[in-house]
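Peer 1: Here you go, sequence then predicted model.
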Amino acid sequence: MTSQKVLMVAEKPSIAVSIASVLSRGQMSTRKGATDVHEFNAMFLGFRAQYKVTSVIGHVFSVDFPAAYQDRTATDPLDLFQAQVVKSAANPKAHIPRHLSQEARGCTHLVLWLDCDREGENICFEVIECSGFTMNSRNGRVYRARFSSISEKDILKAMDNLVEPNRNEALAVDARQEIDLKVGVAFTRFQTNYFQGKYGNLDARVISYGPCQTPTLGFCVQRYLQISTFKPEKFWTLHPYIFQNGHEVKLEWERQKLFDVNVGMMFQKLVLEDGILDVTEISEKQESKGRPVGLNTVNLLKVASSALGFGPQMAMQLAERLYTQGFISYPRTESTAYPSSFDFRGTLAALVNNPTTGSYAEKLLSEGFQKPRGGVDVGDHPPITPVKSAKEDMLGIDAWRLYQYVCQHFLGSVSPDCKYIRTRVEFTIGGESFHCTGQRTVVEGFTYIMPWLGISEKNLPQFMKGEKLEVSKVELYEGSTSAPDYLSESELISLMEKNGIGTDASIPVHINNICERNYVQVQPGRKLVPTALGISLIRGYQCIDPDLCLPDIRSFIEQQITLVAKGQVEHSRVVQHVLQQFKQKFIYFVQQVINFLIFLRHCDAQVDMARSFWHK
C-alpha cells in the first residue's frame, strides 16, 4: 500500500503533462478537472507514493483595491496610496483555488513546478495558500522543483534536488504589484477625470500612467523631439579615385569632413595639381570577430524585432509556446553564461536531425566544439537553448523561424571565432593623406551558421610601398548631416534594459501597452512613432515634474525590489518608502495641473508644425 500522497502543481497544463509523463514513464491515468489531473504510482524520497500532477494557469490571484475603492467617481485618487489591497481569483481563474484545495485533500506532500523566476516564486505561495499546506510544517511537506527545460533529464534532475520555495522573491513581486497598482491607478484616474473633454489630444477613454509604461513612452518622445528640432548641416569630403589592375578604387580622406565648401575646393585643387599618389604604407593584420555569448531574453527580443519582424509581445508568446512544447529551454533569463554543468554534447546531439542545422551540429560533434565565451551569470536560468529537434510543419512558420534562430545562436556560441585579414593602404598627395581598406575572411567560424554576422569581403588590387599612381579623378562630395531615425523596437528594448525599466518578462508588456493605448504607432521597419497624444503627455510631464517620465525613479524602484528578493530589506519598508515618494509627486502634480493644460494647448500647434516639417 502507498501511504504517501504527493500533489504536484505546474504553471501550465502542458508542463504538467510533460512532468507526469516523465515521472510515470508514460504509465498514468488522466481525469478532467478545472485543469487536468494525471495520476500514477512511483517512488518519492525513498517511499512508494501516489502522485497527482495538475496545474494552474499562470497567477491564481490578481491584486486590486477593495470594493469601496472601485468607484472612481466617488473615490479621491489620493486615498489610493493608503488603501489596502486584496488578492482574489477573478474569472476565468475563479475555479482554480477550489480545484487546488480539493486535490490537496489527503496529500502529505506538495511539490511546486512553477516557472523558475520571481513571478513563478510568487505563484508558488499562491498555490500553497490555496492548497492549505504550510511552510512551517516539521516534516517539510512543501518542496520546490527548479528546472530550466522540460526535458526528461532536467525533470529527473529537479526531482533529485528539491528545495524550499523562496519567500523573499515572492515578496518582491508583491511589492512591485502593490506599487504599480497604487501609483498607476491614482495617476490614471485623476488624469482621465480631469482631462476628459478639456483638451482634444487627451480626449481618450482612459489616459493611463504607469511607472514603467510612461518612461518607456518617454524614450520614444525624446527621440521624436531630437528629430523635430534637428537642423541639417552641409559638409564636404574629398575622394580621389585610382584605376588599378582593372579596378577603380575610391580613397577615404583622413580629414573626413569639412563644413566650408571654399576650403574643400582649395584642397581639391591641391590634389588635382599634384595628380600623383604616393603609396606610403601597407599593413596587414589578422583580426577576429568573437562568437556570441549565450542567448538571453532581451537579445532574443531584439533579434526577433530587428531581423524576424516580430513585436516583443508576439516573440515572447512564440518562445513560451516553444518552451511548453519542449523545444527550447526557459525563455525568460538574464544570463548569458552557461553553467559549468551544461551538457553541450547532448544539446548538439539533439540537433543532428534538424533539417537545416543538423549537418553543422554533426560537424561540431565530430570535429570538436569550442568552449563558449564567458558571458554573465545572474543566477536565474541558463541561456536560451534548443532542447530537441523540430521541423517546420511541427511548429508553424513564425515559431519555426524563432526556433531556428535559437538553434543558430546556440551553435554559433560553441563555434570558432571568425578570423579575417584586414589590409590598409595609405597614400599622400598634395600634402594630404588618404587610405583604402580591404577585408578577407580566412576562418568563417560561427558566421557559417550565422551568415548575417559575416565579414563584408572587399578585395583590393595589389599595391607596393613607394609606388606612384596617377589619380583618375578627384570628387568633392557634398552631403548633409542627418537626423536620427525614430526609435526601433530593438533600440527601445536596449534603452529599457540599460535604464532598468521593466524586467525580461515585462519589457514586452510595457511596449505593447504604449502601442495599444495609441501613444505610439509601429511603422515599417518596426519603428516607434509617437502620436500627438503620446507627445502631449510626455511634454506635459516634463513641464510639471520630469521625474514622472524619466527612468531614474523606476530604476531605483527595481533596485529596492531586488534588495527585497535578496532578503536584505523588508518588503513593507520598500513599499511604504516608494509610495510616499509618489504620493508627494501626485500632490504636486494635482496642484500644477492647470499649467499642464495651458502648456499642452500652447505646444499643440508646435507639435503639428514639427511633425509636418519632418514628414516633408
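Peer 2: Done, it's in. Numbers count the residues shown, from 1 in each chain.
Peer 1: Contact partners for the closest residue to S151 other than its chain neighbours?
Peer 2: Closest residue to S151 apart from its sequence neighbours, by CB to CB, 6 or more residues apart in numbering: V387 at 5.1 Å. No exception for glycine: its C-beta is placed from N, CA and C like everyone else's. V387 makes contacts with S149, I150, S151, G326, F327, I328, S329, T347, A350, as judged by CB atoms under 8 Å, 6 or more residues apart in numbering.
Peer 1: so which of those residues is the most crowded?
Peer 2: I328 (28 neighbours; other CB atoms under 10 Å).
Peer 1: Quickly list what that one is bridged to.
Peer 2: As for beta bridges, I328 partners with P386 under DSSP bridges.
Peer 1: Now for S228, how many residues are close by?
Peer 2: Residues lying near S228 (other CB under 10 Å) number 17.
Peer 1: any idea how far it is from A483?
Peer 2: 9 Å (CB to CB, to the nearest Å).
Peer 1: Likewise for Q592?
Peer 2: As judged by CB to CB, Q592 and A483 stand 32 Å apart.
Peer 1: E475 now?
Peer 2: Counting by CB to CB - E475 and A483 are separated by 25 Å.
Peer 1: Give me the residue ranges of the stretch 151-300 of the chain where confidence is low.
Peer 2: Within the stretch 151-300 of the chain, the ranges that satisfy pLDDT under 70 run 197-204.
Peer 1: Spell out the residue ranges of the strands in it.
Peer 2: Assigned by DSSP state E, counting those that start in this stretch, the stretch 151-300 of the chain shows strands spanning 234-244, 247-250, 252-253, 276-289.
Peer 1: Turn the ones you listed into TSV, including distance to N91 and mean neighbour count.
Peer 2: TSV is the format used below for those (distance: least, CB to CB, whole Å; neighbours: other CB atoms under 10 Å):
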stretch	distance to N91	mean neighbour count
strand 234-244	62	18
strand 247-250	67	13
strand 252-253	66	18
strand 276-289	53	14
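Peer 1: Any idea which residue is closest to the centre of this structure?
Peer 2: V298 (2.7 Å; CA atoms, centre = their mean).
Peer 1: Show the pLDDT at the nearest residue to it once chain neighbours are set aside.
Peer 2: The shortest distance from V298 to any non-neighbouring residue, by CB to CB, 6+ apart, is to E497 (5.0 Å). E497 carries a pLDDT score of 90 in this model.
Peer 1: helix or strand right after the one helix or strand E497 maps to?
Peer 2: If you go by DSSP states H and E, E497 is part of helix 489-498. Using DSSP H and E, the helix or strand that directly follows helix 489-498 along the chain is helix 507-516.
Peer 1: Flag every buried residue along that next one.
Peer 2: I507, P508, V509, H510, I511, N512, N513, I514, C515 (16 or more other CB atoms under 10 Å).
Peer 1: and of those, the nearest to K32?
Peer 2: K32 lies nearest to V509 out of these, by CB to CB, at 31.8 Å.
Peer 1: Surely the closest one is in contact with L301?
Peer 2: No: in this structure, V509 is not within contact of L301 by CB atoms under 8 Å, at 11.6 Å.
Peer 1: so what's the backbone phi/psi at H109?
Peer 2: According to degrees, to the nearest 10, the main-chain angles of H109 amount to phi -140, psi 150.
Peer 1: Mind listing the residues bridging to it?
Peer 2: Bridge pairing for H109 - DSSP bridges - gives V6.
Peer 1: Could you report the pLDDT at T324?
Peer 2: Taking T324 on its own, its pLDDT is 88.
Peer 1: Can I get the helix holding E497 as PDB, trimmed to CA atoms?
Peer 2: What follows is helix 489-498, C-alpha atoms only, in PDB (Å, rounded to 0.1, in the frame of the first residue of the first chain):
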ATOM      1  CA  GLU A 489      11.700  48.300 -31.000                       C
ATOM      2  CA  SER A 490      15.200  46.800 -30.800                       C
ATOM      3  CA  GLU A 491      16.700  50.100 -29.700                       C
ATOM      4  CA  LEU A 492      13.900  50.800 -27.200                       C
ATOM      5  CA  ILE A 493      14.500  47.300 -25.600                       C
ATOM      6  CA  SER A 494      18.200  48.200 -25.200                       C
ATOM      7  CA  LEU A 495      17.300  51.500 -23.600                       C
ATOM      8  CA  MET A 496      14.900  49.900 -21.200                       C
ATOM      9  CA  GLU A 497      17.400  47.200 -20.200                       C
ATOM     10  CA  LYS A 498      20.200  49.800 -19.700                       C
END
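Peer 1: Q84: which of the contacts of V387 is nearest?
Peer 2: I150 (38.5 Å).
Peer 1: where in this protein is pLDDT low?
Peer 2: In the chain the weaker segments, taking pLDDT under 70 as the threshold, are 1-2, 136-140, 197-204, 596-616.
Peer 1: quick one, domains of it?
Peer 2: 4-58+93-165, 170-229+485-615, 234-284+422-443+463-480, 297-413 (automatic domain parsing).
Peer 1: what's the closest of these to Q84?
Peer 2: Proximity to Q84 (CB to CB) singles out domain 170-229+485-615 among these, at 9.9 Å.
Peer 1: Does anything pack onto the host helix or strand of A42? Which helices or strands?
Peer 2: In the assignment (DSSP H and E), A42 maps to strand 37-44. The helices and strands touching strand 37-44, judged by 3 or more CB pairs under 8 Å, 6 or more residues apart in numbering; DSSP states H and E, are helix 13-24, strand 29-31, strand 47-55.
Peer 1: and the last one with strand 37-44, angle?
Peer 2: Relative orientation of strand 47-55 with respect to strand 37-44: 150 degrees, computed using axes from the mean of the first three to the mean of the last three CA atoms, to 10 degrees.
Peer 1: now do the longest one
Peer 2: In this structure, helix 13-24 runs at an angle of 40 degrees to strand 37-44, with the same axes, to 10 degrees as the basis.
Peer 1: Now do the same contact list for S472.
Peer 2: Y241, I242, F243, E248.
Peer 1: Save the strands of the stretch 151-300 of the chain as JSON lines, and put in distance to D398 too.
Peer 2: Output for these, formatted as JSON lines (distance: least, CB to CB, whole Å):
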{"stretch": "strand 234-244", "distance to D398": "43"}
{"stretch": "strand 247-250", "distance to D398": "42"}
{"stretch": "strand 252-253", "distance to D398": "42"}
{"stretch": "strand 276-289", "distance to D398": "29"}
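Peer 1: Out of those strands, flag the one nearest G540.
Peer 2: strand 234-244 (36.0 Å).
Peer 1: Now do that closest one and strand 276-289, the angle between them.
Peer 2: 100 degrees.
Peer 1: who does strand 234-244 touch, helix- and strand-wise?
Peer 2: strand 247-250, strand 252-253, helix 261-274, strand 432-443, strand 468-470, strand 473-480.
Peer 1: Provide the strand pairings for the last one, with the direction of each partner.
Peer 2: Using DSSP bridges, the strands paired with strand 473-480 in its sheet are strand 234-244 (antiparallel).
Peer 1: what angle sits between the partner strand and helix 261-274?
Peer 2: 20 degrees.
Peer 1: Was I right to think D180 contacts P211?
Peer 2: Yes: under the criterion of CB under 8 Å, D180 makes contact with P211 at 5.9 Å.
Peer 1: That'll do, ta.
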